[in-house]
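Q: Kindly generate the corresponding structure for this input.
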Amino acid sequence: MAIDIALPSTAQGHIRRLSMRRDLEAVANLVELCFSDTLDLEGRNFLRGMRETARSASLMGWTDSLIDHSPTPQTGLVWEQDQRIIGNVSLIPITVSAHRCYLIANVAVHPDFRGQGIGRMLTSAAMDFARSRHVPAVWLQVRDDNPSAIHIYRDLSFIERTRRTTWRATEEIPRLPDSPGLSLGGRRSSFWPDQQLWLDRLYPTGFSWSLPIDRNLLRPDLWGMTYRFMAFDYPHQWAVQHHGELQGVLTWRHVNGYNDPLLLAAPEHANEEALFALLVYARSRIPRSQPTSLNLPASMAKDSLHRAGFRPAHTLIWMEYRF
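A: Numbering: from 1, shown residues only. You can find the predicted model right below:
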């Protein structure tokens, strides 16, 4: 697939299309170098997958045209200088509200070449590439502790849409509080309407490309029971009430990954003491086979989560540019 936009270049280097067959190993090394201090287990598994793909492509003699026509083609651009790849940006197809868009990711520049505007040129070229594919928007996620990157993206007219924090459970589980008026137990069928409403607010369907939630697994009706049986997936759900009023529902699923996800459904102005009790109650019933994590809007339930033995792993700013 020939790229149909003008790519920036300087006397020292130039941007070109990524060759997954020839460049993937070098890009994996560059991404690892640039983000070594923030890579978690998921990130390292992603890099391992990149390297395995690179080896497979080389052994099987893949051509870039074959990769381009795969069911979910990923593409990208690299900055090449003196026959070295010293910059990268990935473009990952995503679906946002039933529209095909691109996620800009892995914007990396070798530390020895920073401060020359290479990251900005790579991001701008990625935006031009996406525009040439007639998508309505591009998205990106940037850590809130990366002010230089945030400045670049804002300067390129990206708009912040939300901030979300990933929390990870520590080994220590605090004691369950003895709070008058609180009632803890399994999720009841009658709680589903409120739970569904709260899930829609905390995990909007427009963000399902990054927050995939299969609501069918959570339904208490016959369809939900049948769906769970067919999927062989049985989430555990617990709820907390305060003087008979529902304050939150927490869902835990065991998945084949590096940690098990938790989903919290709670009202906008949640009772912090109730959420703390719910988190502790659920944690005491979750098998400790692998870590658990919880993704929430950045400002939500911080006190409850800290007290319940969770610590923030990172906060990501989600940004969008619409064409």
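Q: Tell me which residues of stretch 156-167 come out buried.
A: 158, 164, 165, 166, 167 (16 or more other C-beta atoms under 10 Å). Every C-beta, even on glycine, is put in place using the N, C-alpha and C of the backbone.
Q: Out of those residues, which comes closest to residue 92?
A: residue 158 (16.2 Å; C-beta to C-beta).
Q: need the contact list for that closest one.
A: 140, 319, 320, 321 (C-beta atoms under 8 Å, 6 or more residues apart in numbering).
Q: Then residue 120?
A: Taking C-beta under 8 Å, 6+ apart, we find residue 120 in contact with 152, 155, 156.
Q: ok, now how distant is the last one from residue 258?
A: If you measure residue 156 against residue 258 using C-beta to C-beta, to the nearest Å, the figure is 32 Å.
Q: same question, the first one
A: Distance, residue 152 to residue 258, using C-beta to C-beta: 30 Å.
Q: Please say which of these two ends up with more neighbours.
A: Taking other C-beta atoms under 10 Å, residue 152 and residue 258 do not tie; residue 152 has more neighbours (18 against 14).
Q: hang on, the more buried one in a strand?
A: No: applying DSSP: H, G, I helix; E, B strand; the rest coil, one finds residue 152 to be helix, outside a strand.
Q: excluding its backbone neighbours, what's nearest it?
A: residue 120 (5.2 Å; C-beta to C-beta, 6 or more residues apart in numbering).
Q: List the buried residues of the helix or strand containing the one you found.
A: Element membership for residue 120, per DSSP states H and E: helix 118-132. Buried residues in helix 118-132, counted by 16+ other C-beta under 10 Å: 118-130.
Q: And stretch 175-194, by the same measure?
A: Neighbour-count burial for stretch 175-194 [16+ other C-beta under 10 Å]: 182, 183, 184, 187, 191, 192, 194.
Q: Which pLDDT does the model give residue 52?
A: Here, the pLDDT recorded for residue 52 equals 84.
Q: could we number from 54 for the rest of this?
A: Got it, the first residue is 54 from now on, which makes the last one we talked about residue 105.
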